[in-house]
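>>> missing the sequence, but the structure's below:
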């Protein structure tokens, strides 16, 4: 290909049966289109409802005598092996292939010859959607009507096609196209931004990074940025945190490759050094831990480092929130967490806010003081037996003093303008030079709650079922943080 970006239009029949794109911007066909679903693509998640809706839309267009029915956009990455990798449009293209096959079992569709059932979604949805489409087609009793519909799909239904040999450009176009007309999620915007900073990487590296990103639970990834990382970054600085959106995501854009100020050179140098050491034989030979190239209270580095950053904190937060005895490094079979993991402490806005304060405090502590690989027994004991207790008392002192807890009261509490034990624990963590000094400061700062200030249920503090105490105030009593 001579240009990095090529626009074209194709009929469905040309694309799926003729293996060509009908015409480019110069009205010339593009031959030998080998459509491939690359490994970084998400699974095929369209259900029978989506497939039937597409068929109904096509039938309606045909009944309205629309000469051309434009179904959508197909974004392709043309790689060095002369394959056309589908960056966007996989769901629609697979469904159209199934529809053509349902209309004519003899149709030869090369696209369907690749392995499409390599995961649970594909294995379930592809055969199910084909059967649903086939039943719907078989309900058309008039064979001539079926043939007319078949010819309409092949010759009158079209896709706009965008082809590029630049993988970063393909992903950028995908993000701008896919988000048009609907809410833009900050983590998706950040993905597009940081892909633009990766033009120097090999295509295979970029594809691997994107696949790893897409393999993460996208709802949890969105929450990681909006509920945890964004809030921690603001609270450390003494700022209130309301909503991460397209207007304030600059704090996650980081230092670009062109950044040459002294502070930028320092942080880029620190990241580059850690990355170099971690990819060398030094950690293995010396037995040392991998160097951690991130801190939540420092700028991040744009490009590939951003994706490493996201994966790093995604895994730490997952570990913190999983109290399984045998999984993870940091929170394992903790008795306090067992109680606040009970279903009735997970329901409601106030409980959600309180748990978020607790989890973010632990996240920041781990980030500042704990090795993320093979922490020592001392590291784990200081975290679980001491800091977790203090973080719990701090966060749940707020919950204990409010019947109805909202974000206004919670942020007042963080900044020292609220109820008993109100102070900015996040600032204290980042200003401490060691866990010992932090724990000492917290022991001085936290006070027992006078019993008359506690509005939470104070009954049955020592009631336990299957070894789990049912009232979180039990731990206030156990650690002498209730004042009669």
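That came through, no problem. Keep in mind it's a predicted model, so treat the numbers as computed, not measured. Residues are numbered from 1 along each chain as shown.
>>> ok, then the element right after the lowest-mean-pLDDT helix or strand in the chain?
Across the helices and strands of the chain, the lowest-confidence element by mean pLDDT, DSSP states H and E is helix 167-178, at a mean of 63. Next along the chain after helix 167-178, taking DSSP states H and E as the criterion, comes helix 186-195.
>>> Run the chain-centre distance for that following helix.
Here helix 186-195 is found 11 Å from its chain centre; the criterion is CA atoms, centre = their mean, to the nearest Å.
>>> Which strands and helices lie in contact with that helix?
Secondary-structure packing of helix 186-195 (3 or more CB pairs under 8 Å, 6 or more residues apart in numbering; DSSP states H and E): helix 167-178, helix 203-215, helix 218-223, helix 304-321. Bear in mind the C-beta positions are built from the backbone N, C-alpha and C, glycine included.
>>> Let me know which of these is the nearest to residue 114.
Smallest distance to residue 114 across the helices and strands packed on helix 186-195 (CB to CB): 16.6 Å, for helix 203-215.
>>> quick one: buried residues of the closest one?
203, 206, 207, 209, 210, 213 (16 or more other CB atoms under 10 Å).
>>> Please name the nearest non-neighbouring residue to the third one.
Okay, so that is residue 207. Distances taken as CB to CB, 6 or more residues apart in numbering put residue 40 closest to residue 207, at 5.1 Å, once the chain neighbours are dropped.
>>> how about CSV for the helices and strands packed on helix 186-195, with distance to residue 9 added?
Output for the helices and strands packed on helix 186-195, formatted as CSV (distance: least, CB to CB, whole Å):
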stretch, distance to residue 9
helix 167-178, 15
helix 203-215, 26
helix 218-223, 31
helix 304-321, 34
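>>> what's the least confident stretch among those?
Comparing the helices and strands packed on helix 186-195 by mean pLDDT, the weakest confidence falls on helix 167-178, with a mean of 63.
>>> Confirm that residue 240 sits in a strand.
No - going by DSSP: H, G, I helix; E, B strand; the rest coil, the assignment for residue 240 is coil, not a strand.
>>> give me the number of residues near it?
Number of residues near residue 240 (other CB atoms under 10 Å) recorded here: 13.
>>> That one touches residue 411, doesn't it?
Yes - using CB atoms under 8 Å, residue 240 is in contact with residue 411, at 5.0 Å.
>>> sorry, back to before: so for residue 35, which of the helices and strands packed on helix 186-195 sits nearest?
Nearest to residue 35, of the helices and strands packed on helix 186-195 and by CB to CB, is helix 167-178 at 14.3 Å.
>>> Report the residue ranges of every domain in this protein.
5-182, 184-321, 328-484 (automatic domain parsing).
>>> in this structure, which spans are strands?
Per DSSP state E, the chain carries strands over the ranges 5-11, 23-24, 35-36, 69-78, 84-88, 157-164, 449-450, 464-465, 468-469, 482-483.
>>> Of those strands, which is nearest residue 187?
Among the strands of the chain, if distance is taken as CB to CB, the winner is strand 84-88, at 17.4 Å.
>>> could you give me the average pLDDT of that closest one?
88.
>>> neighbouring strands for it, and are they parallel or not?
Applying DSSP bridges, strand 84-88 is found paired with strand 35-36 (parallel), strand 69-78 (antiparallel).
>>> can you redo those strands as JSON lines with mean pLDDT and distance to residue 235?
JSON lines is the format used below for the strands paired with strand 84-88 (pLDDT from 0 to 100; distance: least, CB to CB, whole Å):
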{"stretch": "strand 35-36", "mean pLDDT": "89", "distance to residue 235": "46"}
{"stretch": "strand 69-78", "mean pLDDT": "86", "distance to residue 235": "39"}
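>>> Adding mean neighbour count and distance to residue 343, write those out as TSV.
Below are the strands paired with strand 84-88 laid out as TSV (neighbours: other CB atoms under 10 Å; distance: least, CB to CB, whole Å):
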stretch	mean neighbour count	distance to residue 343
strand 35-36	19	45
strand 69-78	20	42
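>>> Just put those strands in CSV and tack on distance to residue 85.
CSV is the format used below for the strands paired with strand 84-88 (distance: least, CB to CB, whole Å):
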stretch, distance to residue 85
strand 35-36, 5
strand 69-78, 4
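>>> Residue 19 and residue 79, how far apart?
Per CB to CB, to the nearest Å, residue 19 is found 17 Å from residue 79.
>>> whoops, I mixed them up, residue 448
Noted for residue 448: a distance of 65 Å to residue 79, by CB to CB.
>>> how about the nearest residue to residue 208, chain neighbours excluded?
Spatial nearest neighbour of residue 208, excluding adjacent residues (CB to CB, 6+ apart): residue 40 at 7.5 Å.
>>> List the contacts of residue 268.
The contact partners of residue 268, by CB atoms under 8 Å, 6 or more residues apart in numbering, come to 255, 259, 301.
>>> Can you report phi and psi for residue 322?
Backbone geometry at residue 322, expressed as degrees, to the nearest 10, gives phi -110, psi 110.
>>> residues in contact with it?
Per CB under 8 Å, 6+ apart, neighbours of residue 322: 328, 331.
>>> Just the pLDDT for it.
94.
>>> same check, this time on the one 4 residues further on
pLDDT for residue 326: 89.
>>> how many neighbours does it have?
By other CB under 10 Å, the residues close to residue 326 number 6.
>>> mind checking how far it is from residue 373?
As judged by CB to CB, residue 326 and residue 373 stand 17 Å apart.
>>> for residue 411, same thing?
For residue 411, the distance to residue 373 equals 34 Å [CB to CB].
>>> And residue 171, by the same measure?
From residue 171 to residue 373 the distance is 30 Å (CB to CB).
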